[in-house]
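Asker: Below is the sequence, then the predicted model.
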Amino acid sequence: MPKDTENENSPAILMQSIVKRFPGGVTANDMVDFDLKVGEIHGLLGENGAGKTTLMNILYGFYQPDHGTTEVFGERVAFRSPADAIRFGIGMVHQHFKLVNDMTVAENVVLGLKSGRGFLTDIASAESRISNLAEQHGLEVDPKAQIWQLGVGQRQRVEILKALYRDAKILILDEPTSVLAPTEVKDFFKSLRGLKDTGISIVLITHKLDEVMDVTDRVTVLRKGRKVATQPTSSVNQEKLAHMMIDEAIPPIADKAKMVEREVVLQAKNLRVTDDRGVVSLKDVSFEIREGEILGIAGVSGNGQRELVETLVGLRKPVSGSVALVGTDVTGKTPRSIIGLGVAYVPENRTEDGSIADFRLDENLILKDFDRSPICNLLGSRIPTLLNDREIATRAEHAISQFGIKATGASAKARSLSGGNLQRLILARELSGSPSLIVVSQPTRGLDVAATEYVRGILIQQRNRGAAVLLVDEDLGELITVSDRIAVMYKGEIVGLLYPQQYSSEEIGLLMTGAKRLAVAA
Amino acid sequence: MARLKIIPRLEVSRRSTLAITILAYTVSPLVVLAVLAVAGKSPLVALDALYRGTIGTGAGFAESIVQATPLMLLSLGLAIAYRGKIWNIGAEGQQIFGGIVVTWFVLFFLKDPLPAFVMIPVALSLSFLGGGLFASIPALMKSRLGINEVITTIMMTYVAVQALNWLVRGPFQDTSIPGSYPQSPVFPPQTALPIIIQNTSVTIGIIISIALCLLGYYVLFKTPLGYSIRAVGYNPSAAKASGISVKRVINSAMILSGALAGLGGGIYILGVTHELLPEQASGIGYTAVVVSLLGNLHPIGVIFSSLFFGGLISGMSSIERALQIPRTLSLLSQGIIIVLILIIQVLARYEIKRV
């Protein structure tokens, strides 16, 4: 239990030498130190996969660290679950809200707490306490409203009230502005400052530089699981932060054949696309990719890349605009017909969208053409009736040897493969039949060095063969190494279309975080 | 301190699956004998009755097969749908509708009976189509509107049951006999399925059922349709991303599943009752849910689980007669067996490890 008389000098949080490894050899946190002063707003900055959320999940008791110590208000703790963290006055607001839509604000806030009236709920007193808290902290929301009636910004306030109701002294906010509209962000920051004035200490996880500059007192930058630095915000600027955040070590550029006289393979014109909630996530996006060209899409995740990829492969219908493949209009066509035109798709999420974990390797390899000759025919004829086991076995054997997939055999389940081998399997499937356009998203995320090198090599090999490649990537170093051109996306727009040789990674980083914008000539 | 932890196995070998299955099927009836012993009945007498009601006597064996026949077709259909994670709970309604369609065709569409070799295939085909048609309603509701199929298939079963009750008391009722029982006229003899074991009621229905299970194995594992059903069941988003139309798969799996249930209803009416009775709504469609799960949602597994269950039904009624136990105790025992087998099958996917 926290002591009643907190030591004025001890920090709210002191984490030392935190190490967290995940199965598969990923070290998410590597000897990270972190401290949070009482009553400060502390920005935790880093690219995706830098280990920000992992560190905070350790603090919140979701994960147990492999090494390192944590102190809360000077007291040594080892949380086994979020319930422990909550008892010590820590509250966390996740990127994805955890609210029950059909309940009122008050019901959501008291969910899981003991009622003061035994078996009966005590909503009335909860409502009045919530109103008080809301007023005190400038987080106006009607406690009687049902969650589904509220906008995203208000839902976020409910999440914060949930933590305050449980007497949180420390608030961890995971990418809180990613769901907010610009005007809402302003209000939100105002409430954050209000919370700070009442003595609450706040950790703000973000990858947006302007937010760090705007609202934080100090900032800690993580890169690839390691801490780069902790500095007072007043002593840094956006350029400096971008520099710290983004890896400078750029591997040597691989051999690329020179391409001349090339045809346009993909032409996207004025694409306007909405996301699952109906919010516009691509506004007026136009670009083209030619044969033998890798167009890299740079950007912090959630700036419309997913919607762009899904639109190109037919999984999402654009509101307006058009997509043409080698001159054929494919706007709004089904994935099946787009695949039929020679489009390969290597999705970001290998286990959820790229493969079927419970299918065997050979079954996974026929996912795109299982109902077409030669995989499917009747006794050698062209009538699609029976799966041709011999053909399937030959393909599997070929894929396993050509792509060096390490597995116990073609009948091994895909779930038994490591990340790198699963990616090889997906590439083997997608690249069969020499596609003219290859849409690839985060192809090396979570892979080890060897597998990463392999995947990059394959992409360049495909480019040299004459394929057009669209590469969505958050690893800027990789984009610069592999791409012929880079389009930077920010808030659903292309804010820069450039040749990587002509720009530094810091400059691209500024474009990615919205601090800068280039005139785009498509 | 060493702690024991139950963790899922990465891969379950085919041999251990088989061993566990055999274990489950032999251990669970023994537990029932123990229950009967607790209830003060002689387990030895029960064991003897169980033997005679299943494989010990010709009559017991025949009754087991008769019970297994329609069950096998219904379970096969459900296994196919469930492979695609399409939760058809309405095999009951679909088989009833199959029976209704057959009755309409045999008694009302045809003024004069056709020869058996025409009549039977046409009647059975109609029951197949009828079941599929009946299932197409929840199929379209799910694929077009996203309405949960569990609810719609259950509701459709109510529709079928009430339609049956109305028909046997109304338009289909046999008015030639006084007292007006709720039943249709008896079908002409040309419609009776040929008997394949003399002096029993085992018909070619069992051959059709086993043949369709074998065919079902090919459909599920060797054709593009089965492949797409399994792909959608395991991972709809990956299936979609690679160009499979999830809607079309939902429609075809649900309709095929309903068609097989309809055929089961047709085979039941032409092989067992030879008339439409309110008892066509026997609850077999719900039993089939369990039987398809017992068969590991595998068409070959379904052959065995249906035969096992047919034997169980026949064997338990033999025990009922021999021990003079109430029907409820026999149903309780069946329930225990099912739960035990399902638990053992689930546990087989885990292993105990020291951590």
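Answerer: Done, it's in.

Asker: going forward, measure contacts between C-alpha atoms and count neighbours the same way
Answerer: Will do.

Asker: how many other residues sit next to whatever residue of the stretch 51-200 of chain B ends up closest to chain A?
Answerer: Ranking the residues of the stretch 51-200 of chain B by distance to chain A (CA to the nearest CA) places B:Arg83 first, at 11.8 Å. Here the neighbour count serves as a burial measure; for B:Arg83 (other CA atoms under 10 Å in any protein chain shown) it reads 21.

Asker: For it, give me its contacts.
Answerer: By CA atoms under 8 Å, 6 or more residues apart in numbering or on different chains, the residues touching B:Arg83 are B:Ile229, B:Arg230, B:Gly233, B:Leu297.

Asker: and what of A:Arg485?
Answerer: Residues in contact with A:Arg485, defined by CA under 8 Å, 6+ apart, are A:Glu293, A:Ile294, A:Leu295, A:Gly296, A:Leu497, A:Leu498, A:Tyr499, A:Pro500.

Asker: any chance of those in TSV, plus pLDDT and neighbour count?
Answerer: Output for these, formatted as TSV (pLDDT from 0 to 100; neighbours: other CA atoms under 10 Å in any protein chain shown):
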residue	pLDDT	neighbour count
A:Glu293	93	27
A:Ile294	94	27
A:Leu295	95	26
A:Gly296	95	29
A:Leu497	90	22
A:Leu498	90	19
A:Tyr499	90	14
A:Pro500	86	19
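
Asker: Can you tell me which of these end up in strands?
Answerer: For the contacts of A:Arg485, the ones inside strands are A:Ile294, A:Leu295, A:Gly296, A:Leu497, A:Leu498, with DSSP state E as the criterion.

Asker: Distance of the last one relative to chain B?
Answerer: It refers to A:Leu498. 30 Å (CA to the nearest CA, to the nearest Å).

Asker: pretty sure that residue is in contact with A:Asp484, am I right?
Answerer: No. Judged on CA atoms under 8 Å, A:Leu498 makes no contact with A:Asp484 at a distance of 9.0 Å.

Asker: Extract the CA atoms of the helix or strand that B:Ser330 is a member of and return them as CSV.
Answerer: Under the criterion of DSSP states H and E, B:Ser330 resides in helix B:327-347. Presented in CSV, the C-alpha positions along helix B:327-347 are these (Å, rounded to 0.1, in the frame of the first residue of the first chain):
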residue,chain,number,x,y,z
ARG,B,327,-36.0,-43.2,-18.9
THR,B,328,-34.6,-40.2,-17.1
LEU,B,329,-31.8,-42.2,-15.6
SER,B,330,-30.9,-43.6,-19.0
LEU,B,331,-30.9,-40.1,-20.5
LEU,B,332,-28.7,-38.9,-17.6
SER,B,333,-26.2,-41.6,-18.3
GLN,B,334,-26.1,-40.6,-22.0
GLY,B,335,-25.5,-37.1,-21.0
ILE,B,336,-22.6,-38.2,-18.7
ILE,B,337,-21.0,-40.1,-21.6
ILE,B,338,-21.2,-37.2,-24.0
VAL,B,339,-19.7,-34.7,-21.5
LEU,B,340,-16.9,-37.1,-20.6
ILE,B,341,-16.0,-37.8,-24.2
LEU,B,342,-16.0,-34.1,-25.1
ILE,B,343,-13.9,-33.2,-22.0
ILE,B,344,-11.3,-35.9,-22.8
GLN,B,345,-11.1,-34.7,-26.4
VAL,B,346,-10.4,-31.2,-25.3
LEU,B,347,-7.9,-32.2,-22.6
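
Asker: can you tell me the average pLDDT over that helix?
Answerer: Helix B:327-347 shows an average pLDDT of 84 in the prediction.

Asker: Which strands or helices does that helix pack on?
Answerer: Taking 3 or more CA pairs under 8 Å, 6 or more residues apart in numbering or on different chains; DSSP states H and E as contact, the helices and strands that helix B:327-347 lies on are helix B:14-38, helix B:284-294, helix B:299-323.

Asker: Make a markdown table out of those and add mean neighbour count, mean pLDDT and distance to chain A.
Answerer: Conversion of these to a markdown table gives the following (neighbours: other CA atoms under 10 Å in any protein chain shown; pLDDT from 0 to 100; distance: least, CA to the nearest CA, whole Å):
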| stretch | mean neighbour count | mean pLDDT | distance to chain A |
| --- | --- | --- | --- |
| helix B:14-38 | 15 | 82 | 12 |
| helix B:284-294 | 24 | 93 | 18 |
| helix B:299-323 | 23 | 92 | 17 |
